[in-house]
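Chemist: show me how the following folds:
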Amino acid sequence: MNLLRKTGLWLAAAVLALSASCTKNTDDSVSALLGSVPSSATSVTVINTPRLLEDLGCKLKDGKLQRSEETEKLMANLYRAPGTGFKTPTLLLADSTGVSHSSCVMFSDAYATYLTGMLEDTQEFTKWIEFHTGKSFTDNAGVYTCGPIAYRGTQYWICLSRPDSPIDVTAVSSYSALNSAQSFVSTDAASHLQKSDHDVLYWGDMNGLLKQAFGSGVKDIATARIAMGMLFEDAAYASGSLDCEKDIIKATATLLNSKGNPSKYLLPVQKIDLATVESIDTQAQYLFAMGYPKELTSKIEQISSSLGGALPPNMVSMLKPVDGTIAIAIDNRQGVQGRLSGVITTDGKPANTLADYISDFTKSAGGKIDKDGKLLRFGWGEANVTNGDGQLEKSIFTLKDVTPKFKDACIALVASVPAKQSPTAGTPEAEDACIVMAAYPYSGGLEWRVGVEAPATRPNMTAYVIENMLPL
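Modeler: Model prediction:
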């Protein structure tokens, strides 16, 4: 989870940080920046700035950025008094910063993450940075540094992972002097990252990502590797994309093998039956659903045995009847009586062990379990209960509205994002957003698709990401 959080923040940082450009994102410009990224990089993210600026409603005229009303509001929220520092989007969106309107690249090398791009005017860049930080640049044999920021020639670097420490001069000097064989352009992933059909493209090395997640915990890394090997064949890399629109963010992620193809998923899969999911309840705050083919139980038994143990007989007996869709919907917001509704599809044969387990699980909450043909239905609480003021409580989303969003998926997670986390929190029109994360069979592997959807009353989602997730 720590790795996911860090990766998400850095990716968002890049997304934002990119909001600097308005010219066409060409393969040549991306290739030039990838030429300063070491081939040993753990992860590399390329941002198509023109697409993001368009999402923000910005335009470029006579070489100057014309900011949209949304962008002006964003800059006001990010403003810091002169001499007290700045937020990276401010540098990239403000006037007279010296930053070039071209592509940006973010990469992780060893235990540091950098954002790098090009400059049009080094003097303007120097003046702007020194004015906002209250500090001066230092010349280190041609590498000019000011805190976590550096530039050499017409290229700049910002250390995102250590914003309060001086940037590594030796590292920057090394990056700027890489030849083609030493840089990321020599890797197979480079061609993928030079495509321009997404706002953001991402690539990561799994070994490096695991080291980032677990640090020096060799045992933890080995355990994670073994677990991953049980699920995917030759999972060497992760690849994905991100796109922002006015009211939605869409992202994808896929594990790749050492040849750059989707890593084979080793467990049997089955598509979720949407009608079964919709039958469990009308509204929910959280939803989990998955297709559970009957042969999955045997596979779980095999994995357990290969790890040196065997599943307890009662667990095997409990899982064997499961054959179809499993779904659980929960509403547990503050001030709302807890409610859970679930269903498990069986093969129609007696499932006493499973029924007894669910019965014990629900009994403590005052719930119940019912058999409906091949379906075991269970849960507690009532939908649309009234609150303390006698007003009808409304749940976050209706299942019939969200199930079409993960059609053909084999695993799905849906959750609400409370309005209090939105910049519009506290206003009468503030509403909840919805996150849908689902896995789909893809060329023998799995492709994860994530959608963060906001109502029309929510500000531009690109601006929302920039304002809330940038680590600098």
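Chemist: going forward, measure contacts and count neighbours with C-alpha atoms only.
Modeler: OK.
Chemist: which residues sit in contact with residue 411?
Modeler: Residues in contact with residue 411 (Cα atoms under 8 Å, 6 or more residues apart in numbering) are 271, 272, 288, 289, 290, 291, 438, 439, 440.
Chemist: repeat for residue 96
Modeler: Applying Cα under 8 Å, 6+ apart, we find residue 96 in contact with 124, 125, 128.
Chemist: the second one against residue 100, yeah?
Modeler: Looking back up the chat, that one is residue 125. No: applying Cα atoms under 8 Å as the test, residue 125 and residue 100 come out as separate, 10.0 Å apart.
Chemist: which residues do these two both contact?
Modeler: Joint contacts of residue 125 and residue 100 (Cα under 8 Å, 6+ apart) are residue 119.
Chemist: picking up where we left off before, cross the contacts of residue 96 against helices and list the overlap.
Modeler: The helices, defined by DSSP state H, take in 124, 125, 128 from these.
Chemist: partner residues bridging the nearest residue to residue 189 once chain neighbours are set aside?
Modeler: Take residue 189 and drop its neighbours on the chain: the residue closest to it by Cα to Cα, 6 or more residues apart in numbering is residue 203, 7.3 Å away. Bridge pairing for residue 203 (DSSP bridges) gives the partners residue 44, residue 239.
Chemist: run a quick neighbour tally on residue 203.
Modeler: 25 (other Cα atoms under 10 Å).
Chemist: I'd assumed residue 252 was in contact with it.
Modeler: No: between residue 203 and residue 252 there is no contact, the gap being 11.5 Å when judged by Cα under 8 Å.
Chemist: leaving out the residues flanking it, which one is nearest to residue 446?
Modeler: Nearest non-adjacent residue to residue 446, counting by Cα to Cα, 6+ apart: residue 440, 5.4 Å away.
Chemist: can you tell me how far that neighbour is from residue 257?
Modeler: To residue 257, residue 440 is 17 Å away according to Cα to Cα, to the nearest Å.
Chemist: so between these two, which is more surrounded?
Modeler: Of the pair residue 440 and residue 257, residue 440 is the one with more neighbours under other Cα under 10 Å, namely 20 against 17.
Chemist: the more buried one should be in a strand, yeah?
Modeler: Yes: assigned with DSSP: H, G, I helix; E, B strand; the rest coil, residue 440 falls within a strand.
Chemist: show me what contacts it?
Modeler: By Cα under 8 Å, 6+ apart, the contact list for residue 440 reads 408, 409, 410, 411, 446, 447, 448, 449.
Chemist: rerun that using 10 Å as the cut-off
Modeler: Residue 440 makes contacts with 269-271, 406-412, 446-449, as judged by Cα atoms under 10 Å, 6 or more residues apart in numbering.
Chemist: try residue 40
Modeler: Going by Cα under 10 Å, 6+ apart, residue 40 touches 108, 109, 110, 182, 183, 184, 187, 205, 208.
Chemist: tell me which of the residues you listed has the lowest pLDDT.
Modeler: In terms of pLDDT, residue 110 ranks lowest among the contacts of residue 40, with 76.
Chemist: was I right to think that one contacts residue 212?
Modeler: Yes: under the criterion of Cα atoms under 10 Å, residue 110 makes contact with residue 212 at 8.5 Å.
Chemist: more neighbours, the two?
Modeler: Of the pair residue 110 and residue 212, residue 212 is the one with more neighbours under other Cα under 10 Å, namely 20 against 12.
Chemist: doesn't that one fall inside a strand?
Modeler: No: read with three-state DSSP, residue 212 is helix and lies in no strand.
Chemist: of the contacts of residue 40, just the buried ones, ChimeraX syntax please.
Modeler: Buried subset of the contacts of residue 40, written as a ChimeraX selection, criterion 16 or more other Cα atoms under 10 Å:
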select :108,109,182,183,184,205,208
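Chemist: now distance to residue 314 too, for the contacts of residue 40, in TSV please.
Modeler: TSV is the format used below for these (distance: Cα to Cα, whole Å):
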residue	distance to residue 314
108	46
109	48
110	46
182	56
183	55
184	52
187	50
205	40
208	39
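Chemist: which parts of the stretch 151-300 of the chain are helices?
Modeler: 169-175, 190-193, 206-214, 218-231, 274-278, 295-306 (DSSP state H, counting those that start in this stretch).
Chemist: which strands and helices lie in contact with the fourth one?
Modeler: Yep, that's helix 218-231 we're talking about. With contacts taken as 3 or more Cα pairs under 10 Å, 6 or more residues apart in numbering; DSSP states H and E, helix 218-231 sits against helix 206-214, helix 295-306.
Chemist: now render those as TSV, adding distance to residue 344.
Modeler: Formatted as TSV, the helices and strands packed on helix 218-231 follow (distance: least, Cα to Cα, whole Å):
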stretch	distance to residue 344
helix 206-214	34
helix 295-306	14
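Chemist: tell me which of those is the most buried.
Modeler: With neighbours taken as mean count of other Cα atoms under 10 Å, these reach their highest mean count in helix 206-214, at a mean of 18.
Chemist: tell me what angle that helix forms with helix 218-231.
Modeler: Between helix 206-214 and helix 218-231, the angle comes out at 130 degrees (axes from the mean of the first three to the mean of the last three Cα atoms, to 10 degrees).
Chemist: how about residue 411: what's its closest non-neighbour residue?
Modeler: Once flanking residues are discounted, residue 411 sits nearest to residue 290: 4.3 Å by Cα to Cα, 6+ apart.
Chemist: thinking again about what came up before, of all the helices of the stretch 151-300 of the chain, which one is nearest residue 161?
Modeler: Residue 161 sits nearest to helix 206-214 of all the helices of the stretch 151-300 of the chain, at 11.9 Å, using Cα to Cα.
Chemist: what about dumping the CA coordinates of the closest one to CSV?
Modeler: In CSV, the C-alpha atoms belonging to helix 206-214 read as follows (Å, rounded to 0.1, in the frame of the first residue of the first chain):
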residue,chain,number,x,y,z
MET,A,206,9.0,-4.8,-10.7
ASN,A,207,12.3,-5.7,-8.9
GLY,A,208,13.0,-2.0,-8.4
LEU,A,209,9.4,-1.3,-7.3
LEU,A,210,9.5,-4.0,-4.7
LYS,A,211,12.8,-2.7,-3.3
GLN,A,212,11.2,0.8,-3.0
ALA,A,213,8.2,-0.7,-1.2
PHE,A,214,10.1,-2.9,1.2
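Chemist: ok so, going back, hmm, the residue nearest to residue 189 is touching residue 184, no?
Modeler: No: Residue 203 lies out of contact with residue 184 (Cα under 10 Å); the separation is 11.2 Å.
Chemist: anything in contact with each of these two?
Modeler: Both residue 203 and residue 184 are in contact with 41, 44, 190, where contact means Cα under 10 Å, 6+ apart.
Chemist: for the last one, give me its contacts.
Modeler: Counting by Cα under 10 Å, 6+ apart, residue 190 makes contact with 30, 31, 34, 35, 39, 44, 183, 184, 203.
Chemist: what pairs with residue 252 across the strands?
Modeler: Judged by DSSP bridges, the bridge partners of residue 252 are residue 241, residue 449.
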